[in-house]
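In: Below are the sequence and a predicted model; questions follow.
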Amino acid sequence: AQSVSQHNHHVILSEAASLELGCNYSYGGTVNLFWYVQYPGQHLQLLLKYFSGDPLVKGIKGFEAEFIKSKFSFNLRKPSVQWSDTAEYFCAVRSRYGGSQGNLIFGKGTKLSVKP
Amino acid sequence: EPEVTQTPSHQVTQMGQEVILRCVPISNHLYFYWYRQILGQKVEFLVSFYNNEISEKSEIFDDQFSVERPDGSNFTLKIRSTKLEDSAMYFCASSPDRGNGYTFGSGTRLTVV
């Protein structure tokens, strides 16, 4: 069965620090990859996604992620975090095999706390 | 920007009662989904719905769960006889095609007491 692993449960950073959140997935075939953010009390919002092409994907709010196929990884990065980035971040994968109707498999999430 | 709307935002129900969670997907979307997130755990897929029928469901989606699209706009999740372990945040999502362009709703927090 497919799975998504997010290595850090809770990350605490000071403002202006750089961020990297790890994500690894288990499926060996063609996948679509996503990062979602959930601000306190709000719904899941798409940060960025990778379907094909350039493995370095840029998303909203200065976030980017790099797909490394050989490592089954899709790590999220931001060079300089702000207090407003405090949220929970979820990595998700969708397999591209024919039987799937597009459901996403989510990681457990990483809570990011940014100290002002 | 189009939104997926979920009502109510919070529902408290007694164990054994039936609940219906409501969702209004984006109007031109064709695929509809329910996910849930138990407090402190990952977001889990429940069911996908396309062309007026369930297209895929997870092990969680047992006989006590059902989904319906009663008219052209609503998409509902019914839990027939709620259990304490059904307490979770339930998210509805829709997409215009298979797995692409997901939009999530803001969720319904279900508390079973």
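Out: Sure thing, it's come through. Numbers count the residues shown, from 1 in each chain, chains lettered A, B, ... in the order given.
In: Show me the shaky parts of chain B.
Out: The model of chain B has pLDDT under 70 over residues B:99-100.
In: which parts of it sit against chain A?
Out: B:31, B:33, B:35, B:41-45, B:48, B:50, B:55-56, B:58, B:91, B:95, B:97-100, B:102, B:104-107 (C-beta under 8 Å from any C-beta of the partner chain). Placement of C-beta: from N, CA and C, glycine included.
In: So which residues of chain A form strands?
Out: Secondary structure of chain A (DSSP state E): strands at A:4-5, A:10-14, A:19-21, A:24-25, A:31-38, A:44-50, A:56-58, A:64-68, A:73-78, A:87-95, A:105-106, A:110-115.
In: can I get the ones you listed in TSV with mean pLDDT and mean neighbour count?
Out: Formatted as TSV, these follow (pLDDT from 0 to 100; neighbours: other C-beta atoms under 10 Å in any protein chain shown):
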stretch	mean pLDDT	mean neighbour count
strand A:4-5	93	19
strand A:10-14	97	13
strand A:19-21	97	19
strand A:24-25	94	19
strand A:31-38	91	22
strand A:44-50	90	20
strand A:56-58	96	14
strand A:64-68	96	18
strand A:73-78	97	21
strand A:87-95	90	23
strand A:105-106	90	22
strand A:110-115	96	16
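In: Export the ones you listed to a markdown table and append columns for distance to chain B.
Out: As requested, the strands of chain A are arranged in a markdown table below (distance: least, C-beta to the nearest C-beta, whole Å):
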| stretch | distance to chain B |
| --- | --- |
| strand A:4-5 | 8 |
| strand A:10-14 | 11 |
| strand A:19-21 | 15 |
| strand A:24-25 | 13 |
| strand A:31-38 | 7 |
| strand A:44-50 | 4 |
| strand A:56-58 | 15 |
| strand A:64-68 | 16 |
| strand A:73-78 | 16 |
| strand A:87-95 | 5 |
| strand A:105-106 | 4 |
| strand A:110-115 | 10 |
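In: Which of those sits closest to B:Gly72?
Out: When these are compared by C-beta to C-beta, strand A:44-50 sits nearest B:Gly72, at 25.0 Å.
In: In the sheet, which strands lie alongside the closest one, parallel or antiparallel?
Out: Applying DSSP bridges to the sheet, strand A:44-50 is found paired with strand A:31-38 (antiparallel).
In: So what's the residue count around B:Thr103?
Out: As a burial measure, B:Thr103 scores 20 neighbours (other C-beta atoms under 10 Å in any protein chain shown).
In: what bridges to it?
Out: On the basis of DSSP bridges, B:Thr103 is bridged to B:Ser94.
In: ditto for A:Tyr89
Out: With DSSP bridges as the rule, A:Tyr89 is bridged to A:Val37, A:Thr110.
In: Report the contact partners of the most centrally placed residue in chain B.
Out: Centrality entry for chain B: nearest residue to the mean C-alpha point is B:Trp34, 3.4 Å, by C-alpha atoms, centre = their mean. By C-beta atoms under 8 Å, 6 or more residues apart in numbering or on different chains, the residues touching B:Trp34 are B:Leu21, B:Cys23, B:Leu46, B:Val47, B:Val67, B:Leu77, B:Tyr90, B:Phe91, B:Cys92, B:Ala93.
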